[in-house]
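Asker: the amino acid sequence is not available; the structure is as follows:
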């Protein structure tokens, strides 16, 4: 569980729009089961922390509209909104993508009971490719192929680079001239920054941070734990 003393008042932000001090959840070099990269506002040695489901209450009311206008998969009118704040270079986000997310999509998104929204939360202090990879996904979204590009970024996490972002755009049939201009110009840097700031304001402390109808689930938890929360929300909606 997260310890109360970890949550201290934030210090002034550095000029980098994404940069904040971070605490990396490692706990036994992944084997011990830590599944969340965390950020923290105080400095000091990182502490191992397990992923948890946050209290609903204030989190729910603070995050109801977190879908914003970001890429959406599924039925826009689905009774359950799942909003992930992720980092394309985060290994736990990659783990979440390959396991839990796929089961959520098959079980709830494709059946019209949930919609899945992706928002950017780049942890630049530890992932130098996170901001630009997020911008690349936004450039792909501009041409209507966000989800294909999203999948490429997560399946090729060990190959992230500006050169490869441009190569991969051609692989999925994007207009590469338009894509390159978009990426080179930093056209969507402010959009990525907005996602990050919205996530912070809603209580996201690390990646992946996922909201299920406003309930924050921290970490790459197994599908069964997400399923419990999603089913609760479906029952509330009379589904």
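Answerer: Okay, I see it. Quantities reported herein were computed from a predicted structural model and do not represent experimental measurements. Numbering: from 1, shown residues only.

Asker: ranges for the helices of this structure?
Answerer: Applying DSSP state H to the chain gives helices spanning 57-63, 91-96, 102-104, 130-142, 146-155, 162-171, 176-185, 189-202, 223-236.

Asker: how many neighbours does residue 179 have?
Answerer: If you count neighbours by other CB atoms under 10 Å, residue 179 ends up with 23. (Glycine included, C-beta is placed from N, CA and C.)

Asker: any idea how far it is from residue 191?
Answerer: Distance from residue 179 to residue 191, counting by CB to CB, to the nearest Å: 16 Å.

Asker: can you tell me the centre-most residue of the protein?
Answerer: In the chain, the residue lying closest to the centroid (CA atoms, centre = their mean) is residue 86, at 1.7 Å.

Asker: that residue touches residue 123, doesn't it?
Answerer: No. Using CB atoms under 8 Å, residue 86 makes no contact with residue 123, being 10.1 Å away.

Asker: which neighbours do the two have in common?
Answerer: Residues touching both residue 86 and residue 123 (CB atoms under 8 Å, 6 or more residues apart in numbering): residue 207.

Asker: re the thing from before, to residue 80, which of the helices of the chain lies closest?
Answerer: Evaluated over those, closeness to residue 80 peaks at helix 223-236, with 4.9 Å, by CB to CB.

Asker: buried residues, that closest one. List them.
Answerer: 223, 226, 229-230, 233-234 (16 or more other CB atoms under 10 Å).

Asker: need those residues in JSON lines (columns: pLDDT and distance to residue 103).
Answerer: JSON lines is the format used below for these (pLDDT from 0 to 100; distance: CB to CB, whole Å):
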{"residue": "223", "pLDDT": "98", "distance to residue 103": "4"}
{"residue": "226", "pLDDT": "98", "distance to residue 103": "8"}
{"residue": "229", "pLDDT": "97", "distance to residue 103": "13"}
{"residue": "230", "pLDDT": "98", "distance to residue 103": "11"}
{"residue": "233", "pLDDT": "96", "distance to residue 103": "16"}
{"residue": "234", "pLDDT": "97", "distance to residue 103": "16"}
